[in-house]
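Undergrad: Here you go, sequence then predicted model.
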Amino acid sequence: MIAVSIDIGSTWTKGAVFRRDGQGLTLDRRIAVPTTTDDLSRAFSRVLDGLVDGGDAASRVRRGEVRLSYSSSAKGGLAVAALGLVPEITLESARVAAYSAGAKVTRVFSYRLTRSDIRSLEAAPPDILLFAGGTDGGHVDSILANAEALARSSLDCSIVYAGNRALADDISDLLAGKDLVQVPNVLPSINAPDPDPAREAIRKIFLSKIVKGKGLDVIVGETGVEPLPTPYSVYEFAKLISARVPGWSDFILLDMGGATTDVYSAHRERPAPGTILRGLPEPEVKRTVEGDLGLRVSAEAASDALKGLVADALDRREERIAAFADYIARVSAAPDYLPEDEDGQAFDAILAGACVAEACGRHAGRAAEVYTPEGKLKLQTGRDLTGVTRVIGSGGWLSRTASFDPSPWFRRMGVDNRGRAVLLPSEISYFRDEHYVFPLLANVARDFPEEAAKAGIDMLVAQQ
Amino acid sequence: MSDVDTIAVAKANTLPGMTSLPGEDPAMTATVVLGVIGADCHAVGNKILENVFAVAGFTVVNLGVMVSQDEFIDAAIETGAKAILVSSIYGHGEIDCAGFRDRCIERGLDDILLYAGGNLVIGKQDFAEVEAKFLAMGFDRVFPSTVDLSVPTSLLRQDLGRRAAFGGGK
């Protein structure tokens, strides 16, 4: 049996054939062609035909002779605006749900929507508005006010209501004219987040709306197989590896591209004695996306956000810092640029290291030491990744660069600007997804979970 | 403080005629946010309070120990709580609770009931003084650590009933 997996990215459409023999999967062949953004099906067909021998690949998929699975991160993913009540509570719950669904969170709103919030949403509507707020039976007024403001607006994106269930009927009435989906609350009670129903709703909207146009519907028609958003698929894959591969229950997965840096971590919180956990409980697998951290399209924004880290890496030498700024200005206008000179490669390595450090720093939790009459205690918010010693690098630059080691970059994070320890590991084993097969194996995992999870780890290259 | 003193305090905190107010309805299931404030990590009393208020019919959102003012307020906003019950046993309650009412008002919780209880100050101060101090800080009710817990549950029911009867505001 062969399994064909294709990932439609914003620049490249990549595919691979995996052969299943005995209990394992082996990589047979890979193809990548430029994505045809006006009609995604053209590049997709070229890849599919190139991977399946004997012609008429789509019919063979339909007849079940070839197992096909595919994903799409077209348009850079689904744009979700998240609306919650308190920033650290229901807005954060909405954000976690949206990220786990493979979305990019383009806007966030808390408390009450203002007239200018509504105007900005109308001017640049997201694909989906994830509308949370209030625990079940909890807050009412601001949520109703937000529903009324949305009802009066001309916003016509999908709205997923995942807030206080006690208001479900009011929300139905108020937003009757909108494209509304109601799901159980992302935070039914204060210590029990429930992101899955909202996540599932976002995935369904991806299928029903985003697939239309741009040729994805043509692919579904020809093959009879539906796509998943790439990060959704990778999130599921991370969950699978954590659950099924011995020794890999806890790990960090980095996926860095030109525009964003995605961080996934699989980790079950086991607080040590003397540690008090505050804030929302963390999911076992968490994804965060940093839209301002990337090597090309986001290089300018990244170098702004990473000034301190970059300057330190350049030993604070003025002329090197100026040369770095020139380099950033050049590459952000040329997304495909690959440096061949030593300087360019060194600058890319510094930008990449700083992006990894910052993205992981934002992803990880914080701890502060507190002196109490009972002695010294650790007050922790978010996830403690200090004991997570396995890190995987995937995606363009990280897949290619054998010399990269994230350890010194993690160590530079130390403490944040509020004096709290950033809970990242200091000593790690680093593994590289050399052939960038993670998104492709993540697709195959739908049909062959056990084999795909094992193959994903087996194909990694351990950093010496 | 002896049991007799506790009852005296309870009586002093009970306004005349309150027993007939509508809030006496034992079925009332108002949400209350509970926690131990500041750098105080005493968890046992907190669990007892959670149980007692839950058995008394309230929906208890227990934030546990080492809770900051903003965490109490955040949780009260999300859950639509009618009261915040702050406990403290390690003697720093006065510092931890300073400005709590003002912060509630700043965050939009103008009408929330604020109760404080426990071993609220350092040393052996007369409870009447402690109570006066906390009332002046904007707390609605103050209890010593020795209070019979049926007293705060009953007073909370009455206070909430009175609010309901008079349409909310303080």
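TA: Noted; the coordinates are in hand.

Undergrad: so where's chain A shaky on pLDDT?
TA: A:74-76 (pLDDT under 70).

Undergrad: right, I mislabeled it, should have said chain B
TA: Using pLDDT under 70, chain B drops low at B:1-28, B:167-170.

Undergrad: what bridges to the residue sitting nearest the centre point of chain B?
TA: Using C-alpha atoms, centre = their mean, the residue of chain B that lies closest to the mean C-alpha position is residue B:115, 2.1 Å off. Beta-bridge partners recorded for residue B:115 (DSSP bridges): residue B:85, residue B:141.

Undergrad: What distance do you get for it to chain A?
TA: With distances taken as C-beta to the nearest C-beta, to the nearest Å, residue B:115 is found 19 Å from chain A. (Glycine included, C-beta is placed from N, CA and C.)

Undergrad: you'd agree that residue is up against residue B:81?
TA: No - here residue B:115 does not reach residue B:81: they are 11.7 Å apart, not a contact under C-beta atoms under 8 Å.

Undergrad: List the residues that contact the spatially closest residue to residue A:330 that is not a sequence neighbour.
TA: Spatially, and ignoring its direct neighbours in sequence, residue A:330 is nearest to residue A:337 (7.3 Å; C-beta to C-beta, 6 or more residues apart in numbering or on different chains). Each residue near residue A:337 by C-beta atoms under 8 Å, 6 or more residues apart in numbering or on different chains is listed here: A:296, A:330, A:331.

Undergrad: Kindly report the same for residue A:113.
TA: A:83, A:145, A:146, A:149, A:150.

Undergrad: Now for residue A:316, how many residues are close by?
TA: 11 (other C-beta atoms under 10 Å in any protein chain shown).

Undergrad: ditto for residue B:144
TA: Residue B:144 has 16 nearby residues by other C-beta under 10 Å.

Undergrad: quick one: it and residue A:271, what's the gap?
TA: 33 Å (C-beta to C-beta, to the nearest Å).

Undergrad: Show me which residues of chain B are close to chain A?
TA: B:31, B:39-41, B:59, B:61, B:63-68, B:71, B:74-75, B:77-81, B:90-91 (C-beta under 8 Å from any C-beta of the partner chain).

Undergrad: So how do I select the buried members of those residues in ChimeraX?
TA: Here is the ChimeraX selection string for the buried members of the residues of chain B next to chain A, based on 16 or more other C-beta atoms under 10 Å in any protein chain shown:
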select /B:31,39,40,41,59,61,63,64,65,66,67,68,71,74,75,77,78,79,80,81,90
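
Undergrad: for residue A:48, helix, strand, or coil?
TA: Secondary structure, DSSP: H, G, I helix; E, B strand; the rest coil: residue A:48 is helix.

Undergrad: ugh, typo on my part, it should be residue A:272
TA: Per three-state DSSP, residue A:272 ends up coil.

Undergrad: Apart from its chain neighbours, what residue comes closest to it?
TA: residue A:378 (7.8 Å).

Undergrad: neighbours around the one you found, how many?
TA: The burial count for residue A:378: 18, using other C-beta under 10 Å.

Undergrad: Which secondary structure state is assigned to it?
TA: Strictly by three-state DSSP, residue A:378 counts as strand.

Undergrad: before we move on, what about residue A:28?
TA: Applying three-state DSSP: residue A:28 is strand.

Undergrad: Would you check how far apart the residue nearest to it when sequence neighbours are not counted and residue A:50 are?
TA: Leaving aside its chain neighbours, residue A:28 sits nearest to residue A:17 (4.2 Å; criterion: C-beta to C-beta, 6+ apart). Look at residue A:17 and residue A:50: by C-beta to C-beta, they are 10 Å apart.

Undergrad: Give me the more crowded residue out of those two.
TA: The residue with more neighbours, out of residue A:17 and residue A:50, is residue A:17; 20 against 16, by other C-beta under 10 Å.

Undergrad: ok, the residue of chain A found nearest chain B - contacts?
TA: Residue nearest to chain B within chain A: residue A:138 (4.0 Å; C-beta to the nearest C-beta). Contacts for residue A:138 (C-beta under 8 Å, 6+ apart) come out as A:164, A:166, B:31, B:78, B:79, B:80, B:81.

Undergrad: My read is that residue A:5 contacts residue A:440, right?
TA: Yes - using C-beta under 8 Å, residue A:5 makes contact with residue A:440 at a distance of 4.2 Å.

Undergrad: Now do the same for the residue nearest to residue A:28: helix, strand or coil?
TA: Strictly by three-state DSSP, residue A:17 counts as strand.

Undergrad: State the distance from the residue nearest to residue A:330 to residue A:296.
TA: 7 Å.

Undergrad: between those two, what contacts are shared?
TA: Joint contacts of residue A:337 and residue A:296 (C-beta under 8 Å, 6+ apart) are residue A:331.

Undergrad: ok now do the residue nearest to residue A:28, which residues does it touch?
TA: A:2, A:3, A:4, A:27, A:28, A:29, A:51, A:52.

Undergrad: for residue A:104, same thing?
TA: A:76, A:77, A:78, A:79, A:80, A:260, A:289, A:291.

Undergrad: Dig out what the residue nearest to the second one when sequence neighbours are not counted forms beta bridges with.
TA: It stands for residue A:77. Excluding the flanking residues, the one nearest residue A:77 by C-beta to C-beta, 6+ apart is residue A:104, at 4.5 Å. On the basis of DSSP bridges, residue A:104 is bridged to residue A:79.

Undergrad: what residues does chain A put near chain B?
TA: So chain A meets chain B at A:85-86, A:88-90, A:133-135, A:137-140, A:164, A:187, A:189-190, A:276, A:278, A:370-374, A:377, A:379 (C-beta under 8 Å from any C-beta).

Undergrad: Can you spell out the domain ranges of chain A, please?
TA: Residue ranges for the domains of chain A, per automatic domain parsing: A:2-75, A:77-208, A:232-294+A:352-462.

Undergrad: All set, thanks.
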